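Colleague: When you get a sec, could you give me coordinates for this:
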Amino acid sequence: MNSQFHPQAFHIYFTLTGLKSSVTLFNIHQERRKLRVSATLSSPIQMKESRDGIKSDRRAKGSSISSLPLILDIDDFKGEFSFDALFGNLVNDLLPSFQEDETDSSEGHSNISGTDSLPNGHMRAPLDATRFAQGVSDPLFPEVDKILSLFKDSCKELVDLQTQIDGKLLNLKKDVSTQDSKHRKTLTELEKGVDGLFGSFARLDSRISSVGQTAAKIGDHLQSADAQRETASQSIELIKYLMEFNSSPGDLMELSPLFSDDSRVAEAAKIAQKLRAFAEEDIGRTVPSVMGNAVASRGLEVAVANLQEYCNELENRLLARFDAVSQRRDLSTMAECAKILSQFNRGTSAMQHYVATRPMFIDVEVMNADTRLVLGDVGSQASPSNVSRGLSSLYKEITDTVRKEAATITAVFPSPNEVMSILVQRVLEQRITALLDKLLVKPSLVNLPPMEEGGLLLYLRMLAVGYEKTQELAKDLQAVGCGDLDVEGLTESLFSAHKDGYPEHEQASLKQLYQAKMAELRAESQQTSESSGTTGRSKGAAVASSHQQISVTVVTEFVRWNEEAITRCVLFSSQPATLAANVKSVFTSLLGQVSQYITEGLERARDSLTEAASLRERFVLGTSMSRRVAAAAASAAEAAAAAGESSFRSFMVAVQRCGSSVAIVQQYFSNSISRLLLPVDGAHAASCEEMATAMSSAEGAAYKGLQQCIETVMAEVERLLSSEQKATDYRSPEDGFAPDHRPTNACTRVVAYLSRILESAFSALEGLNKQAFLTELGNRLHKGLLAHWQKFTFNPSGGLRLKRDITEYGEFVRSFNAPSVDEKFELLGIMANVFIVAPESLSTLFEGTPSIRKDAQRFIELRDDYKSAKLAARLSSLWASSS
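Modeller: Take a look at the predicted model:
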């Protein structure tokens, strides 16, 4: 059986033989370890000895193992070395019976109960097996000595093998060293040879480069010589042709066939241009003082004249041919002619001729159709909207036509950009200019067109429409292509005459609009006055309504005119400084219009107040008149009072609308004007100052009118007080009746009148204007009441009645929100106490308020007991002691 030997079973079997076997097993392990080391050191070496030689050497070493088979072979250590395989090969022949039982014993060991594993990996035999082994007299493993001898011989052979291998390694090392030296010597020689080869290549490259340069120089010389030969040949040809042209003046019949062959027109034109340039240049270099040169010059002049004549004839012939093929739309032939013609003055004549023969420039019907499309039929009034639509249609048609021509020009001419430049320039200068001349007729500022025909505004609107649409046309034409032509600058030049003095026309238009509006308003006011005169209204109401009121709608219309003018300023002014100057002048016109309108409106409202005041003065009651006359005068005074009240309300409405109008102008300035003025230093501040100056006249009229309103109110208050206040109101008889704590009838009428008439003032005035007006009115009311009460005498019950009136007045003026007025009426209430207290208590009234002593003294003099109680003496002593 050839199965491998398993060391695990071998160790277990030896354990059963006793201590000697254990020692022997240890030695076997030691030898096995040595074999493993020797095999590991010797396995990479390729041995060349045969297996038979090794066997013969081993037989000669001793008789004890002479009969044993071959122990070790160098081939066992080649390839993948396995110690288990080596060990099995060594002991297989000595342990045949053990090999047979190997499989069974190995399978049985795994099922033995009570078996322990030793730390070295061996299995500890059971106790019964050990005891059984000790009782047996014969050894169970008799081959142990042979195996020990075999292991020792194997170890010696391994040492011999190692010695042999080391010897061979040393020999190989020597051989390698020798070969390495030879190799290094060979490499050194090769390097020297390569260096020499590189040097040879460098010398070869240098020679090749030198030969190449020499060849290039020779080629340049040959090329130059060929060029000179070609030039000389051409010069000979040119001289021959020049002599033909120099033969006789005007004789072109004896020329070479080249100049008459239609198939060689391009070559003839090129040669003719060269001859002409040469002859003209030679004439220019001629010195008249040298006789020979002078003769030559005269000869070349003949050639120049003949060449000029020939070139003109050839150019005309080509142009005629170009026209003929252009009628047939033969683009290839047209391109050929254009290419030849480009040699004559760079083709300028051909370009201009082509553009000039376009139908849009020579057909009169096209020009008339343009006029009808934009302006309409003859005799009709064109409107800006119709003109705008007409220009859009016409300019679209022109753009489409130019676009079609651009396709033809690109296919025909060598320099299409130059032709497009000429075409677009001709369109703007001829077709557009002719149309604008009919559309825009600049009016004179001395004799403006009447408003019935649209006035100056119609011209400005037409100008804006024409300018805007023409600018759009210029952009479209530039998109199509116009070469180096400055389309924008050319378009601006079309309107330069109209833009000169444009701000003056805008201001004149605004002035004309304002005058027309004022005339319209005056006509409406006159018609209203005539219709109101036929009604049965009172005269006082007619006074107030006969004057035209300020209208916020009219001011809004002024702003709308100005806004339209500002839009045109932005359109016509490209530079910020120019735009700011034009905007400022136009806005100044608005300020003047609004200022004049609201100032005149306020003045008309003031006239109503003045007329009402004259009515009051006319019907002042006299001291002695009949009852019938007095009744008529009282009725007239009532009418004057009604006129004054109506005029007051009308003026307050005018002030309110004046404020709204100014607010509209200020809002318009903030939203539309200021942003256009800010780019220019000082323009915004100057306009603000002008706005304040323009409104100052309206402020002055408003201030005077408010003063008149106060006079009107106080006049009616005085009339009511004088007519309604009775002497018995403040000096009621002491008849034992309870005092009347109601305000007097005069006080009630005055407060009711003030409440009614000041409603319009409360709604019309705002802010500081309202506060100043009411404060002034409160002070005048206080002063008027003081003067009114100086006409009466008061007893204690009358003092109580007066105090009740003062309270009523004070409560009313508290709605003025004027602290100074409230304080004055509070002091009046304190002074009214002088009529109530006893004479001896007067001194206690003024202990806390010494400032009112003067007014209080005048009130004290109005007491009905002033003389009887000798209050004058008391007061003089009282004032002296207090001072």
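Colleague: now stretch 78-87, how far from the centre of its chain.
Modeller: Chain-centre distance of stretch 78-87: 89 Å, with CA atoms, centre = their mean, to the nearest Å.
Colleague: for residue 785, what are its contacts?
Modeller: 721, 809, 828 (CB atoms under 8 Å, 6 or more residues apart in numbering). All C-beta spots, glycine's among them, are computed from the backbone N, C-alpha and C.
Colleague: Adding secondary structure and pLDDT, write those out as a markdown table.
Modeller: Formatted as a markdown table, the contacts of residue 785 follow (DSSP: H, G, I helix; E, B strand; the rest coil; pLDDT from 0 to 100):
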| residue | secondary structure | pLDDT |
| --- | --- | --- |
| 721 | helix | 92 |
| 809 | helix | 95 |
| 828 | helix | 89 |
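Colleague: of those residues, closest to residue 702?
Modeller: Nearest to residue 702 out of these is residue 809 (CB to CB; 27.4 Å).
Colleague: Surely the closest one is in contact with residue 744?
Modeller: No. In this structure, residue 809 is not within contact of residue 744 by CB atoms under 8 Å, at 10.9 Å.
Colleague: tell me the mean pLDDT over stretch 361-372?
Modeller: Mean per-residue pLDDT for stretch 361-372: 85.
Colleague: buried ones in that stretch?
Modeller: Along stretch 361-372, these residues count as buried under the neighbour rule (16 or more other CB atoms under 10 Å): 367, 370, 371.
Colleague: mind listing which of those are in helices?
Modeller: Judged by DSSP state H, those include 367, 370, 371 as members of helices.
Colleague: thought the last one was touching residue 431?
Modeller: Same thing as residue 371. No. Residue 371 is beyond contact range of residue 431, at 11.0 Å (criterion: CB under 8 Å).
Colleague: Show the average pLDDT along the strand or helix carrying residue 90.
Modeller: Secondary structure from DSSP states H and E places residue 90 in helix 83-91. If you average the pLDDT over helix 83-91, you get 74.
Colleague: Going by contacts, tell me the helices and strands next to it.
Modeller: Packing partners of helix 83-91 (3 or more CB pairs under 8 Å, 6 or more residues apart in numbering; DSSP states H and E): helix 19-42, helix 144-245.
Colleague: got these as TSV, with distance to residue 326, mean pLDDT and mean neighbour count columns?
Modeller: Listed next are the helices and strands packed on helix 83-91 as TSV, based on distance: least, CB to CB, whole Å; pLDDT from 0 to 100; neighbours: other CB atoms under 10 Å:
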stretch	distance to residue 326	mean pLDDT	mean neighbour count
helix 19-42	107	42	15
helix 144-245	31	85	12
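Colleague: Run through the residues that contact residue 521.
Modeller: The contact partners of residue 521, by CB under 8 Å, 6+ apart, come to 548, 551, 554.
Colleague: From those residues, list the buried ones, please.
Modeller: 548, 554.
Colleague: and the most centrally placed residue in the chain, how far is that from residue 338?
Modeller: A centroid search over the chain (CA atoms, centre = their mean) returns residue 675, at 16.9 Å, as the residue closest to the centre. Counting by CB to CB, to the nearest Å, the gap between residue 675 and residue 338 amounts to 53 Å.
Colleague: ok, now residue 93?
Modeller: With CB to CB as the criterion, residue 93 and residue 338 are 117 Å apart.
Colleague: Kindly report the same for residue 684.
Modeller: Distance from residue 684 to residue 338, by CB to CB: 59 Å.
Colleague: Show me which of these two is the more surrounded one.
Modeller: residue 338 (25 against 19; other CB atoms under 10 Å).
Colleague: Can you give me the buried ones in whichever helix or strand that one is part of?
Modeller: Per DSSP H and E: residue 338 is located in helix 331-341. The neighbour-count check on helix 331-341 (16+ other CB under 10 Å) flags 333, 334, 335, 336, 337, 338, 339, 340, 341 as buried.
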